[in-house]
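J.: What shape does this take:
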Amino acid sequence: MPRIDPDRLRRLLDGINAFGRDPLTGGFDRIGYSAADMAARDWVADEMRRDGLAVRRDAVGNLFGRFGPSEGPAILAGSHLDTVPQGGAFDGALGVAVALECVRALRDADVAPVCAIEVTATAEEEGRFGGMLGSQALAGIAGAEWVSGARDANGVRLTDAMRACGLDPAAADTAALPPGHAAAFLELHIEQGPVLEAAGMPVGIVTGVSGCCVLQITLEGTANHSGTTPMPVRADAFAGLARMAAAIPAIADAVGTDQSRITIGKVALHPDEVHTIPGRAEFSVVLRDTDEGVMRRLRAALEDALADAAAAHRLRTKVAERSWIAPTALDGPLRDVLTRAAATCGHAAQHMPSGAGHDAQTMQTLCPAALIFVPSRGGISHAPQEHTDWADILPGAEVMLAALKELAGNGPRRP
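T.: Numbering: from 1, shown residues only. All right, here's what the predicted structure looks like:
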């Protein structure tokens, strides 16, 4: 029987995390289309070639290593390699490492798959430019208009970032996989939350993924002297931002659910000076829920709160939608495969939703998709303190291996 080699898996993850590590904080900076991100892709591609996989990249930088028949459909297994700024060592990279280790384990056990397995490292999953470009491109839902207009929070154009990496943004639509190529998509990921650890459960099997709306909001007032401008006549952009932020808990209580999340993230004030009233506030708002109708109600309530804040502080507003990813129910029959795999391996598994977005939700628009969670210590993610014990990684990796063995051995499965 194929077996996961934990030491080999750890060396593989350590190899990926040699790129982008900040020695001062212990965090990782492999933002999408950065030099560190592309160098990590090159290193993983070399590992795949040494394992005898047929390696290819597409127009947006997605990386594939094919094991098994050279023709016909494939089971895609993997995750992403990019991180958020000062991210952790496990988010995304662990899923790529586990997928490659599973292929190594199958190869070592002389398993000859009937259906090919493609180890997949998607590009720009963390949303630097507002979406999950790699998997959206694979699914054929990354429109040319969005690609040409997308910018990151610092104003860098997606098209410029791609060109700097030797990629042609005009060819992004060629990354869409042809009908029938992807028989299924399997992803292993850290939970990024506290549920599994608190329940003492080794494995999570995800039923569905929350949707995600990213808004870029601007409040325009008047920059002025902080000492000479009376309080009643100010047009303070930060005061408007603070008023809107204070309304968020009430909005979540009034129109949200227990799965609702609203976050004000990156904030920039202009001018950003000690003795000057901010004349402009630019900030991101990310809202999530497992119900698209709830997401739309949350957005409407946020815009009402924004209008109220603007009126109270004599501000002008601008709202731009950077991305909208709908909530997704993952494939039921493929979830059953994971449930059987967990039972075969002797691991208890908890069915659960995901509050964070993942490639599996966009791939579900293309093919049956499934997502395995392993516990996160303290529920911490997107931070240098992100951690999963190796003893907690092995059960999820074994479930992935058993599922891939069943799927590849029996050929492509359909719902």
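J.: what helix or strand is I251 on?
T.: helix 237-255 (DSSP states H and E).
J.: Just the CA atoms of that helix, as CSV, please.
T.: Taking C-alpha atoms only, helix 237-255 is exported to CSV below (Å, rounded to 0.1, in the frame of the first residue of the first chain):
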residue,chain,number,x,y,z
ALA,A,237,-12.2,61.5,6.1
PHE,A,238,-10.9,59.5,8.9
ALA,A,239,-13.9,60.4,11.1
GLY,A,240,-16.1,59.1,8.4
LEU,A,241,-14.2,55.9,8.2
ALA,A,242,-14.4,55.4,12.0
ARG,A,243,-18.1,56.0,12.0
MET,A,244,-18.6,53.4,9.2
ALA,A,245,-16.3,50.9,11.0
ALA,A,246,-18.3,51.3,14.3
ALA,A,247,-21.5,50.3,12.4
ILE,A,248,-20.1,46.9,11.3
PRO,A,249,-21.0,44.8,14.4
ALA,A,250,-24.6,46.0,14.2
ILE,A,251,-24.8,45.3,10.5
ALA,A,252,-23.6,41.8,11.0
ASP,A,253,-26.2,41.2,13.8
ALA,A,254,-29.0,42.8,11.8
VAL,A,255,-28.7,41.2,8.4
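J.: So that it lines up with my notes, have the first residue be 3 from now on.
T.: With the count now opening at 3, the last piece we talked about shows up as helix 239-257.
J.: Check which helices and strands it is in contact with.
T.: Here helix 239-257 touches strand 213-222, strand 263-272, strand 282-291, helix 294-315, going by 3 or more Cβ pairs under 8 Å, 6 or more residues apart in numbering; DSSP states H and E. Just so you know, the C-beta spots here come from the backbone N, C-alpha and C atoms, and that holds for glycine as well.
J.: Show the secondary-structure elements that the worst-scoring helix or strand of the chain on mean pLDDT is packed against.
T.: In the chain, no helix or strand scores lower on mean pLDDT, DSSP states H and E than helix 146-151, which sits at a mean of 89. Applying 3+ Cβ pairs under 8 Å, 6+ apart, we find helix 146-151 packed against helix 160-166.
J.: Format the CA atom coordinates belonging to the helix it packs on as CSV.
T.: The C-alpha trace of helix 160-166 is given here as CSV (Å, rounded to 0.1, in the frame of the first residue of the first chain):
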residue,chain,number,x,y,z
LEU,A,160,-2.0,43.2,-12.8
THR,A,161,-0.9,43.4,-16.4
ASP,A,162,2.3,45.1,-15.4
ALA,A,163,3.0,42.5,-12.7
MET,A,164,2.4,39.7,-15.2
ARG,A,165,4.7,41.2,-17.8
ALA,A,166,7.5,41.6,-15.2
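J.: what comes up buried for stretch 87-106?
T.: Within stretch 87-106, the residues that qualify as buried by neighbour count (16 or more other Cβ atoms under 10 Å) are 87, 89-106.
J.: now stretch 266-276
T.: Residues L271 are the ones in stretch 266-276 that count as buried (16+ other Cβ under 10 Å).
J.: cool, stretch 364-378 as well?
T.: Under the neighbour-count criterion of 16+ other Cβ under 10 Å, stretch 364-378 has 364-366, 368-378 buried.
J.: Would you point out the most distant pair within the residues you listed?
T.: L368 and P377 (28.8 Å; Cβ to Cβ).
J.: in the chain, which segments are predicted with low confidence?
T.: For the chain, the stretches with pLDDT under 70 are 412-417.
J.: quick one on the thing from earlier: take the helices and strands packed on helix 239-257 and lay them out in JSON lines including distance to T390.
T.: Formatted as JSON lines, the helices and strands packed on helix 239-257 follow (distance: least, Cβ to Cβ, whole Å):
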{"stretch": "strand 213-222", "distance to T390": "23"}
{"stretch": "strand 263-272", "distance to T390": "22"}
{"stretch": "strand 282-291", "distance to T390": "22"}
{"stretch": "helix 294-315", "distance to T390": "29"}
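J.: Specify the stretch among these that is closest to A125.
T.: With Cβ to Cβ as the measure, strand 213-222 is the member of the helices and strands packed on helix 239-257 nearest A125 (17.7 Å).
J.: Understood, closing this out.
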